[in-house]
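Novice: Requesting a structural model of the entry that follows:
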Amino acid sequence: MNVAVVMGGYSDESVISLRSGQLILAQLDRNKYTPFEVHILPEGWHVLAEGVAYPIDKSDFSCVLKGQKIQFDVAVNTVHGTPGEDGHLQAYWELVNVPYTGCNFYQSALTFNKRDTLSVLSKFGIPKAKSVYVRKGEAISGAALVEELGLPFFVKPNQSGSSLGVSMVQSLNDLEKALAFAFAEDPEILIESYLKGTEVSVGVMRYRGEVTVLGITEIVSQNAFFDYEAKYQGKSEEITPARLDSATEQRVRETAKKVYEALGMTGFSRTDFIIMDGIPNFIEINTNPGLSPQSIFPQQAAFAQLAFGDLLDNEIQLALERKPIWSKL
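Specialist: Next comes the predicted model:
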């Protein structure tokens, strides 16, 4: 089976995605699959083989490699950010009839948009921070924000990952800089109230027909919050399993499953919560969680005593069983 391990992307998260792709290449069973390293980058789409870049034919997502046309039986999607986590690649693969791992294009687009995700989850009674949505160019009153959200509060891009563009505003003197930082990533932002509590990240996937929580990881950041430096440059302690009493742990597990099902998810995911007074408050869901050596999801798979190769087998099987949306018309 020809497997395209797709990595890269068009955002600042591409560096993390390239690391994630390498883990998947290392874990795929060569007795079952013939993996191909596929880079999707602003400079082009290529298969990388023996140091040579062979262009992808976008008309059918194929490649001519050493004179032989390669058709991919399935795409393993590990592109963080755009275009692999916001629905664009998934919609493309639907049109060219290539099965792909993870959630479909609608769920990808929905969950990449923080405002829309919060709107959907509000119908299911999921606790969350207070938030204000702002488009670039709209007037923003610092005094009104403090009255609505209190201090400190967070400013974050509406569509971005890996904590890129996120700032904590301790006083209104920090607001202008935080707005510029977030708007540099996205013309839409969310300004959210600060939740003081224990931060946890929960790996969830559909494994052998069941929505399964792999593990709960407690995040102890050396910085003011779990920012890019804390995530990827060793400025945090990640404790799996999280130090929770049994009742709180059960509540987190149930809420994480509820979020996954409410959003119609399939595939790997990582959902972040802040626990306050025993109640998990939803922060965000990642539908293409990082799989680099520093990432949380592989740690949780190891904690659950599930071989990562088996998880990939499961994902590929789900991808092959799912029919393209257009085939149902």
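Novice: Tell me how far Ala295 lies from Glu254.
Specialist: One thing to correct before we go on: residue 295 is Ser, not Ala. In this view, Ser295 and Glu254 are 24 Å apart by Cβ to Cβ, to the nearest Å. Every C-beta, even on glycine, is put in place using the N, C-alpha and C of the backbone.
Novice: oh sorry, the question was meant for Ala129
Specialist: In this view, Ala129 and Glu254 are 20 Å apart by Cβ to Cβ.
Novice: Tell me which of these two has more neighbours.
Specialist: Shown here are Ala129 and Glu254; by other Cβ atoms under 10 Å, Ala129 has more neighbours (19 against 12).
Novice: Relative to Leu121, how far out is the more buried one?
Specialist: Remark: distance between Ala129 and Leu121 (Cβ to Cβ) = 12 Å.
Novice: same thing with Val98?
Specialist: Here Val98 is placed at a distance of 30 Å from Leu121 (Cβ to Cβ).
Novice: number of nearby residues for the residue nearest to Met265 when sequence neighbours are not counted?
Specialist: Leaving aside its chain neighbours, Met265 sits nearest to Cys103 (5.4 Å; criterion: Cβ to Cβ, 6 or more residues apart in numbering). Neighbours of Cys103 under the rule other Cβ under 10 Å: 28.
Novice: Make sure Cys103 is actually in contact with Asn288.
Specialist: No - if you go by Cβ atoms under 8 Å, Cys103 and Asn288 don't touch, sitting 9.0 Å apart.
Novice: I'd like to know how far the nearest residue to Leu41 once chain neighbours are set aside sits from Gly165.
Specialist: Closest residue in space to Leu41, ignoring its immediate chain neighbours: Gly8 at 4.5 Å, by Cβ to Cβ, 6+ apart. Counting by Cβ to Cβ, the gap from Gly8 to Gly165 is 20 Å.
Novice: distance between the ends of stretch 25-32?
Specialist: End-to-end distance for stretch 25-32, by Cα to Cα, to the nearest Å: 13 Å.
Novice: contacting residues around Arg322?
Specialist: Contacts for Arg322 (Cβ atoms under 8 Å, 6 or more residues apart in numbering) come out as 99, 104, 266.
Novice: same question but for Val5, I mixed them up
Specialist: By Cβ under 8 Å, 6+ apart, the residues touching Val5 are 21, 24-25, 28, 35-38, 76, 78.
Novice: with those residues in mind, which one is nearest to Asn2?
Specialist: Closest approach between the contacts of Val5 and Asn2, by Cβ to Cβ: Phe36, at 6.6 Å.
Novice: longest strand anywhere in the protein?
Specialist: strand 210-221 (DSSP state E).
Novice: Tell me the neighbouring strands of that one, and mark each as parallel or antiparallel.
Specialist: Applying DSSP bridges to the sheet, strand 210-221 is found paired with strand 198-207 (antiparallel), strand 236-239 (antiparallel).
Novice: Which other helices and strands does the helix or strand just after the last one contact?
Specialist: On the C-terminal side of strand 236-239, the closest following helix or strand by DSSP states H and E is helix 246-262. In terms of contacts (3 or more Cβ pairs under 8 Å, 6 or more residues apart in numbering; DSSP states H and E), helix 246-262 is packed against helix 114-122, strand 198-207, strand 210-221, strand 269-276, strand 279-286.
Novice: Work out the sheet partners of whichever helix or strand comes after the first one and label each with its direction, please.
Specialist: What it means is helix 114-122. With elements assigned by DSSP H and E, the helix or strand that comes after helix 114-122 is strand 131-135. With DSSP bridges as the test, strand 131-135 is paired with strand 188-193 (antiparallel).
Novice: Now mean neighbour count and mean pLDDT too, for the helices and strands packed on helix 246-262, in TSV please.
Specialist: Listed next are the helices and strands packed on helix 246-262 as TSV, based on neighbours: other Cβ atoms under 10 Å; pLDDT from 0 to 100:
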stretch	mean neighbour count	mean pLDDT
helix 114-122	17	95
strand 198-207	24	96
strand 210-221	19	94
strand 269-276	23	97
strand 279-286	21	96
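Novice: Sweet, I'm off.
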